[in-house]
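Enquirer: Next come a sequence and a model predicted from it.
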Amino acid sequence: PIRAVMDDAIIPPSVDIPVVVTSAASEITKNSAVVGGNVVSDGGLEVTERGVYYSMSANPIETGTKVECGSGLGEFTGNLTDLQTGATYYVRAYARNRFGVAYGEEVSFVCEALPTITTTQPTNVSYTSATIGGNVTDDGGLEVTERGVVYGTNQKPTTADSKVANGSGLGQFTCNFTDLQDGMTYYARAYAVNAKGTAYGEEVSFTTKQQFVPTIVTTQPTNVAYNSATVGGNVTNDGGAEVTERGMVYGTSQNPTTEDGKVASGSGLGEFTCDLTALQDGVTYYARAYAINAKGTAYGEEVSFTTDKAPLTFTVNGVSFTMIAVQGGTFTMGAMEGDELAHDNEKPAHEVNLTYDYYIGQTEVTQALWQAVMGNNPSTMIGDNLPVNNVLWEDADAFTKRLSLLTGCSFHLPTEAEWEFAARGGNKS
């Protein structure tokens, strides 16, 4: 009789086929993918071969192609190339030892991918706008139904943030961003959408230019009268935003604002003037030019002016006369050297300082006024509106004293300095 004998060194007791798990496909494109598996047990014998079977039909072991991926325990991968775009592939991992072949579960994937897109660098960056675009270089095997740029103030923006769409399909495109905040850093990525999902290009960033309040200067007051004056300004820089209003603010307290009195004068850059009216006479006013843009209100330097005192009109016994205010000041009194018509007592010219304000008659004293005050008319050339004449200094002095009694105000004959200063135009000369 013959008996078979098994060598224990060849096949140890308690052996089995390996245990292998199929991994999900990864890095799927329209014509490639990465597949693989994991040999978690060798069954007690060395795993001499491992890999995958794949096919466009289910149960790829029978109909598919084998891709060997080494030997032994552990994870493994294999690259599948030249696949058919849009096709469904089925994959099973396998592992072989001397006892037999084990197969993992079947997995499948579709040879479709997200689009491939790049982001272009920002251009035309201004205070509130910028231009960014992208280039869809591959549709991933599926129609690109939307493309554009997403952006925001946080990194890695998505379509859930702000976005600007621009068409569909392959190719280059640009997007214009508006209504941005000035002086702000934005992050942007081009995006493209197909049936597989949304792909993003690399992230770029840009910072919009900083806007400021306008730059404005205040011009010196002119044409100052007892109830009006002219002031103005010059908007030399709009600060990067449109100047929507400009003008003058003024008041009787320093540092006036738009909450005080103001006179608007247009918009934009450049010079302008404003006429201030209905002012109080003899009052000091403070004024500043102002300009408004989206960043706020800017003010020029402060200037001040004092309105003239208003003329005073008196009526005595039915005859009216007007006194004009003269603001005190410093002037050169007397005749200059070389003035051949001047008398010796008018020289030399010298500086005189009138430290007070006063009123002087708008006209010479008329005969009508003299008659109303003194009760007589000594003039030789008669006429109510003609200047009174043929009077002595003592008569004129008596006239001013009586006029003071009749009006309740203090009148006197002008001094030489008061007369010459007023005749020269006072401090407006």
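Expert: Structure's in. What do you need?
Enquirer: which helices and strands does the longest helix along the chain pack with?
Expert: Assignment by DSSP state H gives helix 393-407 as the longest helix of the chain. Under the contact definition 3 or more CB pairs under 8 Å, 6 or more residues apart in numbering; DSSP states H and E, helix 393-407 sits against strand 312-316, helix 367-374. C-betas here are computed from N, CA, C, even on glycine.
Enquirer: contacts for the last one?
Expert: To tie it back to what came earlier, the one meant is helix 367-374. Contact with helix 367-374 is made by 316-319, 321, 376-379, 382-388, 391, 395, 398-399, 402-403, 406, as judged by CB atoms under 8 Å, 6 or more residues apart in numbering.
Enquirer: Could you rerun that using 6 Å?
Expert: Val316, Asn317, Val319, Phe321, Asn377, Ser379, Asp384, Leu386, Val388, Phe399, Arg402, Leu403 (CB atoms under 6 Å, 6 or more residues apart in numbering).
Enquirer: and that helix, what's its mean pLDDT?
Expert: Helix 367-374 shows a mean pLDDT of 98.
Enquirer: again, but for the first one
Expert: Mean pLDDT, taken over the full extent of strand 312-316, equals 97.
Enquirer: just the CA coordinates of that strand, formatted as PDB?
Expert: C-alpha atoms of strand 312-316 as PDB (Å, rounded to 0.1, in the frame of the first residue of the first chain):
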ATOM      1  CA  LEU A 312     -27.500 155.500  11.200                       C
ATOM      2  CA  THR A 313     -30.300 157.700  10.000                       C
ATOM      3  CA  PHE A 314     -31.700 160.500  12.200                       C
ATOM      4  CA  THR A 315     -34.600 162.800  11.700                       C
ATOM      5  CA  VAL A 316     -34.700 166.300  13.200                       C
END
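Enquirer: neighbours around the closest residue to Ser26 other than its chain neighbours, how many?
Expert: Nearest non-adjacent residue to Ser26, counting by CB to CB, 6 or more residues apart in numbering: Val34, 4.8 Å away. For Val34, the count of nearby residues is 15 (other CB atoms under 10 Å).
Enquirer: give me the beta-bridge partners of Val34?
Expert: For Val34, the beta-bridge partners are Ser26, Asn79 (DSSP bridges).
Enquirer: before we move on, back to that, C-terminal to the longest helix of the chain, what's the next element?
Expert: Using DSSP states H and E, the helix or strand that follows helix 393-407 in sequence is helix 416-423.
Enquirer: What residues sit buried inside that next one?
Expert: Under the neighbour-count criterion of 16 or more other CB atoms under 10 Å, helix 416-423 has Glu418, Glu420, Phe421, Ala422 buried.
Enquirer: Could you do stretch 359-373 as well?
Expert: Tyr359, Val365, Thr366, Gln367, Ala368, Leu369, Trp370, Gln371, Ala372, Val373.
Enquirer: could I get those as TSV with distance to Gly329?
Expert: Output for the buried residues of stretch 359-373, formatted as TSV (distance: CB to CB, whole Å):
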residue	distance to Gly329
Tyr359	15
Val365	25
Thr366	28
Gln367	33
Ala368	33
Leu369	28
Trp370	31
Gln371	35
Ala372	33
Val373	30
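Enquirer: What confidence value was assigned to the residue nearest the centre of the chain?
Expert: Relative to the mean C-alpha position of the chain, the nearest C-alpha, by CA atoms, centre = their mean, is the one of Gln211, at 3.7 Å. We have a pLDDT of 95 for Gln211.
Enquirer: now do Asn194
Expert: 96.
Enquirer: Spit out the contact partners of it.
Expert: Applying CB under 6 Å, 6+ apart, we find Asn194 in contact with Pro115, Gly140, Leu142, Val144.
Enquirer: what does Phe421 give?
Expert: Neighbours of Phe421 in contact, by CB under 6 Å, 6+ apart: Phe331, Leu354.
Enquirer: picking that back up, could you save the helices and strands packed on helix 393-407 as CSV and add columns showing distance to Gly296?
Expert: Shown next, in CSV, are the helices and strands packed on helix 393-407 (distance: least, CB to CB, whole Å):
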stretch, distance to Gly296
strand 312-316, 45
helix 367-374, 58
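Enquirer: Most neighbours among the contacts of Asn194, please name it.
Expert: Pro115 (27 neighbours).
Enquirer: any idea how far it lies from Thr158?
Expert: Separation of Pro115 from Thr158 (CB to CB, to the nearest Å): 15 Å.
Enquirer: Quick one: end-to-end distance for stretch 323-336.
Expert: 30 Å (CA to CA, to the nearest Å).
Enquirer: And the contacts of it?
Expert: Identification of contacts with stretch 323-336 by CB under 6 Å, 6+ apart yields 308-309, 311-312, 342, 346-347, 349-362, 417, 420-422, 426-427.
Enquirer: chain center to it: distance?
Expert: Centroid separation for stretch 323-336 versus its chain: 52 Å, with CA atoms, centre = their mean, to the nearest Å.
Enquirer: cool, stretch 116-126 as well?
Expert: With CA atoms, centre = their mean, you get 22 Å for stretch 116-126.
Enquirer: then it to CSV, C-alphas only?
Expert: The C-alpha trace of stretch 116-126 is given here as CSV (Å, rounded to 0.1, in the frame of the first residue of the first chain):
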residue,chain,number,x,y,z
THR,A,116,-9.6,72.9,-14.7
ILE,A,117,-9.4,76.7,-14.2
THR,A,118,-6.8,79.3,-13.5
THR,A,119,-7.2,82.8,-12.0
THR,A,120,-5.7,85.8,-13.6
GLN,A,121,-4.0,88.6,-11.6
PRO,A,122,-6.1,91.7,-10.7
THR,A,123,-5.9,94.8,-12.8
ASN,A,124,-7.5,98.3,-12.9
VAL,A,125,-7.6,98.3,-9.1
SER,A,126,-9.1,101.6,-7.9
